[in-house]
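Asks: Okay, here's the prediction I keep looking at, along with the sequence it came from:
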Amino acid sequence: MTAYEHPGAPGPAAPYDAVVLAGGAARRLGGADKPGVRVGGRPLLDRVLAACAAAATTVVVSEPRTTARPVRWAHEDPPGGGPLAALDAGLRRTSAEDVVVLSADLPFLDEGTVRRLLDALRGSDAGRGHAERPEGVLLSDPEGRDQPLVAAYRAEPLRRELAVLAATHGGLTGLPLRRLTAALDLTRISDPVASFDCDTWDDIAAARARIREHGHVLDEWISAVKDELGIDLDVDTGGLLDLARDAAHGVARPAAPLTTFLVGYAAAHAGGGPEAVAAAARKAAALALRWADEDTPEDGEDTKKAAGKDTENVTPGAAPGAGAAPGPHAPTGSGPHAPAGPGSDAAPDA
């Protein structure tokens, strides 16, 4: 196998299919329904289906169940025949030239990783011809172990080698995946996060803890809410958070969630989509700023208020300063020590 260095620029978007293996006894989980175990509020299977959402056809090899998006279902023959039998059953329902093969227990797999696998498979880094393309690209874990169920393959070599194995062994039941990967020209990509799979309850606990870390929790929560509500929308998280901040600071704290709700409602009425959300958010943000500006004194207003305080006790027609209240030691104009001015009734001292 050869090491793959990502070229940085994604290749052209071409159709691909996906096969997700969601069977197995899950013995290390005590026989629990592993694809249905929730991490970050979402079943593991739905998390994997989100990562391959761009597939033209997605086949899940398992008993049918409710999923976050539509898929096709397949069954290995015989039931419980193992990963190669399951892969063969799923592959028979695909038609694209390239196929992504995934297990249903990958909590951190995302669309970016799937694109990396496909880019490497298609040789988008050097314009290689079809004959020079690898037959498959798979992830390796931190210990360098191959993860053949986190991989992208050319469908034709995959079918060819599955047929050879079936003819050699009289079927695919019970055969390990390494029998298949040993016969293919493969490339590795190291990705310790996306290759993390959940085989034990300790793995499940570690995955649940990781998504609640500060750097992950918001994106995880948004993805979970979108799945729960059945919507597929690119969310401008930063813009909406700015809007919530402006509403909370400029109006009142409860205005933040109410404003973002109203923005979503307005966007839905406008036809939905990221553009409608952005337009509604801009209007609401501008309103919040105008609202806050009303609490800020305009230019000169402070000066006018101060001047008003200085003159509020002045007698109309009096000279400036004439109406000022006397200080504690000023003469009051009456009493024995009052000064005698013109027209005063006070008599001169004898």
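Replies: That came through fine.

Asks: Any figure for the gap between the residue nearest the centre of the chain and residue 120?
Replies: In the chain, the residue lying closest to the centroid (Cα atoms, centre = their mean) is residue 219, at 3.0 Å. Distance of residue 219 to residue 120, computed by Cβ to Cβ, to the nearest Å: 25 Å. Quick note: C-beta positions are derived from backbone N, CA and C, even for glycine.

Asks: One more: residue 72?
Replies: Taking Cβ to Cβ, one finds residue 72 at 26 Å from residue 120.

Asks: These two: which is more packed in?
Replies: residue 120 (24 against 15; other Cβ atoms under 10 Å).

Asks: Please look at the more buried one and residue 189 and confirm they touch.
Replies: Yes. Counting by Cβ atoms under 8 Å, residue 189 is a contact partner of residue 120 at 6.2 Å.

Asks: give me the beta-bridge partners of residue 187?
Replies: Residues in a beta bridge with residue 187, per DSSP bridges, are residue 2, residue 137.

Asks: Count the residues that sit near it.
Replies: Quick note: residue 187 (other Cβ under 10 Å) scores 20 neighbours.

Asks: for residue 157, same thing?
Replies: For residue 157, the number of neighbouring residues by other Cβ under 10 Å comes to 17.

Asks: Do you know the pLDDT at it?
Replies: On pLDDT, residue 157 comes in at 96.

Asks: Start at 20, not 1
Replies: With 20 as the first residue, the last one maps to residue 176.

Asks: Who are the contact partners of it?
Replies: By Cβ atoms under 8 Å, 6 or more residues apart in numbering, the contact set of residue 176 is 154, 155, 203, 204.

Asks: cutoff 7 Å now
Replies: 154, 203 (Cβ atoms under 7 Å, 6 or more residues apart in numbering).

Asks: Show me which positions of the helix ranked longest in the chain end up buried.
Replies: Assignment by DSSP state H gives helix 293-312 as the longest helix of the chain. Neighbour counts over helix 293-312 (16 or more other Cβ atoms under 10 Å) mark 295, 296, 299, 300, 303, 304, 306, 307 as buried.

Asks: where does the stretch 170-319 of the chain have low pLDDT?
Replies: Along the stretch 170-319 of the chain, segments meeting pLDDT under 70 span 233-234, 315-319.

Asks: what about the strands in it?
Replies: 205-209 (DSSP state E, counting those that start in this stretch).

Asks: Number of residues surrounding the residue nearest to residue 296 when sequence neighbours are not counted?
Replies: Leaving aside its chain neighbours, residue 296 sits nearest to residue 286 (4.4 Å; criterion: Cβ to Cβ, 6 or more residues apart in numbering). Using other Cβ under 10 Å, residue 286 is surrounded by 20 other residues.
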